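Engineer: here's my sequence, what's the structure:
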Amino acid sequence: MTLSRQFSLVVVVACLAAAAALPVSRPRKIEAEKRLAQKPRLFGDNWADCGQGATELSLWNVTMSPFPVQVGKDFTLTLDTTNDNVITGGTFKTDVYLVGVPVYSETDDLCSKHTCPLNVGNVTLGITTYLPGVTPPGWYSLTIRGTDQDGLPSLCADIKFTISPWSG
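Structural biologist: Predicted structure coming up:
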């Protein structure tokens with residue numbers, strides 16, 4: 001194992017150990033459970049359109065249901081966008097990070113997940129996936145980057161969410 005891999009492994013273990021060692025007081029847990037029980041919830045400042053006008057789909061809303069995300073269950077991520085051009089195909093890549101460390105990556109064909117073409121105007125993209133029961137709690141970020149049929153940028157979304165140890 002290279003020195004770089006050993007260092008990366010030590011950093012991941014240290015981050016996970018630090019997160020597991022954080023105390024959770026019962027009153028704060030109850031307050032958090034009440035606050036997080038609103039389903040579906042708008043993410044407010046926890047998402048961003050990282051395309052900043054340079055993509056065909058402009059992101060204007062993100063919702064996740066159920067919220068909070070629960071391990072061992074399906075969850076749906078919905079992206080509300082406005083489309084500037086007809087998109088007849090393309091791909092999108094999803095990268096998931098736990099406290100900044102890459103933990104999952106997937107590339108999909110747009111038309112295998114959504115009905116094509118995506119016409120000009122408001123377009124809602126929904127993705128439902130299963131979150132395995134072994135998923136560790138923590139601070140996650142999700143980046144979705146898409147390209148159209150010509151390889152041009154079609155979407156860029158940065159989304160942040162938390163999986164709590166008591167959300168299951």
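
Engineer: from now on I want contacts and neighbour counts done on CA atoms only, so please keep to that.
Structural biologist: Fine.

Engineer: and the pLDDT for the residue nearest the centre of the chain?
Structural biologist: With distances taken as Cα atoms, centre = their mean, the chain has residue 142 as the residue nearest its mean C-alpha position (3.4 Å). Per-residue pLDDT puts residue 142 at 92.

Engineer: and residue 146, by the same measure?
Structural biologist: Residue 146 carries a pLDDT value of 96.

Engineer: ok, now how distant is the closest residue to it other than its chain neighbours from residue 71?
Structural biologist: Nearest non-adjacent residue to residue 146, counting by Cα to Cα, 6 or more residues apart in numbering: residue 92, 3.9 Å away. Counting by Cα to Cα, to the nearest Å, the separation of residue 92 from residue 71 is 24 Å.

Engineer: check residue 115 too.
Structural biologist: Per Cα to Cα, residue 115 is found 28 Å from residue 71.

Engineer: same thing with residue 56?
Structural biologist: Remark: distance between residue 56 and residue 71 (Cα to Cα) = 33 Å.

Engineer: now swap in residue 65 and tell me
Structural biologist: 12 Å.

Engineer: more crowded one of these two?
Structural biologist: In this view residue 65 and residue 71 are compared by other Cα atoms under 10 Å, and residue 71 has more residues nearby, 21 against 18.

Engineer: quick one: contacts of stretch 140-147?
Structural biologist: 90-100, 153-163 (Cα atoms under 8 Å, 6 or more residues apart in numbering).

Engineer: residue ranges in this structure under the pLDDT threshold?
Structural biologist: For the chain, the stretches flagged by pLDDT under 70 are 1-45, 165-168.

Engineer: would you map the strands across it?
Structural biologist: Ranges of strands in the chain, per DSSP state E, are 41-42, 47-49, 57-65, 73-83, 90-98, 101-109, 121-131, 138-148, 153-163.

Engineer: CA-only coordinates of the third one in CSV, if you can.
Structural biologist: Going back to what we said before, that points to strand 57-65. Coordinates of each C-alpha in strand 57-65 appear next as CSV, following Å, rounded to 0.1, in the frame of the first residue of the first chain:
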residue,chain,number,x,y,z
LEU,A,57,-30.8,23.2,-17.3
SER,A,58,-31.0,26.0,-14.7
LEU,A,59,-31.7,24.5,-11.2
TRP,A,60,-34.3,26.4,-9.1
ASN,A,61,-35.4,23.9,-6.5
VAL,A,62,-34.3,20.7,-4.8
THR,A,63,-36.3,18.4,-2.6
MET,A,64,-35.5,15.1,-0.9
SER,A,65,-38.1,12.7,0.4
